[in-house]
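[1] Everything below, folded, please.
(one chain, ligands or ions: 1)
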Amino acid sequence: MYNTLLVSTENGICTVVINRPDKLNALNKEVFNDLDKLFDDIYHDDKVQSVIITGAGSKAFVAGADISEFLELTPAQAPGLARRGQTVFDKIENCPKPVVAAVNGFALGGGCELALACHFIYASETAKFGQPEVNLGLIPGYGGTQRLTQSCGKGRAMELIMSGKMIDAKKAFEYGIINEVTGAEELLAKVKETLTLIQSKAPVAVANVIECINNFDHTQQGYDLEIKKFGECFNTEDMKEGASAFLEKRKPDFKGK
Ligand code: COA
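    Have a look, this model is predicted:
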């Protein structure tokens, strides 16, 4: 039913596996379409009481937006890509049923943003988090500048997003980005244990908790600025150089233009 997702529901818990392991589960258009449709179904499917999102294989949760789709985009089209990503991630964030990210490896760029759009995050000790868009002459476009700042505070978000550096699960826990670090083998079991507890509570109350917390100090302004600035990056030579260099497996030669 979905080309890029494996979906199975057991005991009310719907496990969603982003399934492009040969591309480290990078988010292409098809993944966004599949997630969009899946969450439309989840909103209304009484058999689903909660959701886990994880990545196929042992290496990655999601290693970012699919960089191979970037070079074909014009500056005029780029904001549409960011808006599409934000719309799908908003649908996940606003799901009235708990959605937990089980981060089992790299959660980079759009992958980190996807985890942050979930209601909370558990990660294996092998997980790595980061927003490496600056390496491509870009900035996060799927809500990262806003959600990471809410999650770990301005200074830490500034440092992570400006430097593009990766942090491990221990550091992400220290930063308050994730709730729990587990062994790789027990990650899904631990998430299921917590979701089983939440599923034992009143679903409407849980839905109301989600809605209230999501509306804490939310303004649209930051997201709109991000869409505009994401689009402006596509007017630079450095963005084309960064994305080309990644795909050609060489170091980028940035000119500041
Ligand atoms: N978009 C498209 N393809 C990606 C990708 C992405 N974000 N991340 C990884 N891939 C692909 C690689 O191109 C490679 O494909 P190939 O085998 O056809 O050449 C495959 O996934 C495996 O990745 P590889 O880079 O060989 O693995 P690695 O172990 O050497 O490095 C990472 C792992 C995560 C450090 C590296 O893949 C990486 O830096 N990815 C990009 C992260 C990023 O910048 N994300 C933000 C995008 S805005």
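
[2] Excluding covalently adjacent residues, which one is nearest to Val16?
    Ile53 (4.9 Å; Cβ to Cβ, 6 or more residues apart in numbering). Every C-beta, even on glycine, is put in place using the N, C-alpha and C of the backbone.

[3] tell me the phi and psi of that neighbour?
    Dihedral pair for Ile53: phi -110, psi 130, per degrees, to the nearest 10.

[4] OK, contacts around the most centrally placed residue in the chain?
    Geometric centre of the chain, nearest residue: Leu114, 1.3 Å, by Cα atoms, centre = their mean. Contacts for Leu114 (Cβ atoms under 8 Å, 6 or more residues apart in numbering) come out as Leu27, Ile53, Phe61, Val62, Phe89, Ile92, Ala101, Ala107, Tyr142.

[5] picking that back up, residues touching the residue nearest to Val16, list them.
    Val16, Ile18, Ile92, Val99, Val100, Ala101, Ala102, Leu114, Ala115, Cys118.

[6] right, is the helix or strand of the chain at the bottom of the mean pLDDT ranking up against the ligand?
    When the helices and strands of the chain are scored by mean pLDDT, DSSP states H and E, helix 221-233 comes last with a mean of 89. No - counting by Cβ under 6 Å from any ligand atom, the ligand has no neighbours in helix 221-233; the shortest distance is 10.2 Å.

[7] ok, and what's touching the helix or strand just after that helix?
    Using DSSP states H and E, the next helix or strand after helix 221-233 towards the C-terminus is helix 237-247. The contact list for helix 237-247, computed with Cβ under 8 Å, 6+ apart, reads 67-68, 70-71, 135-138, 233, 251-257.

[8] For ChimeraX, write a command that selects the buried ones of those residues.
    Buried members of those, defined by 16 or more other Cβ atoms under 10 Å, are picked up in ChimeraX with:
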select :67,70,135,136,137,138,233,252,254
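
[9] Which single one of the contacts of helix 237-247 is nearest to Ala172?
    Ranked by distance to Ala172 (Cβ to Cβ), these are led by Asn135 at 19.2 Å.

[10] Apart from its chain neighbours, what residue comes closest to that closest one?
    Gly164 (5.0 Å).

[11] separation between the one you found and Glu133?
    Shown here: Gly164 relative to Glu133, a distance of 7 Å by Cβ to Cβ, to the nearest Å.

[12] before we move on, what about Lys154?
    Counting by Cβ to Cβ, the separation of Lys154 from Glu133 is 18 Å.

[13] Tell me which residue of the stretch 151-257 of the chain lies closest to the ligand.
    In the stretch 151-257 of the chain, the residue found nearest to the ligand is Phe246; the distance is 6.4 Å by Cβ to the nearest ligand atom.

[14] and that residue, how many neighbours does it have?
    For Phe246, the neighbour count with other Cβ atoms under 10 Å is 18.

[15] what does Thr149 give?
    Count around Thr149 with other Cβ under 10 Å applied: 17.

[16] so who does it touch?
    Thr149 touches Ala157, counting by Cβ under 8 Å, 6+ apart.
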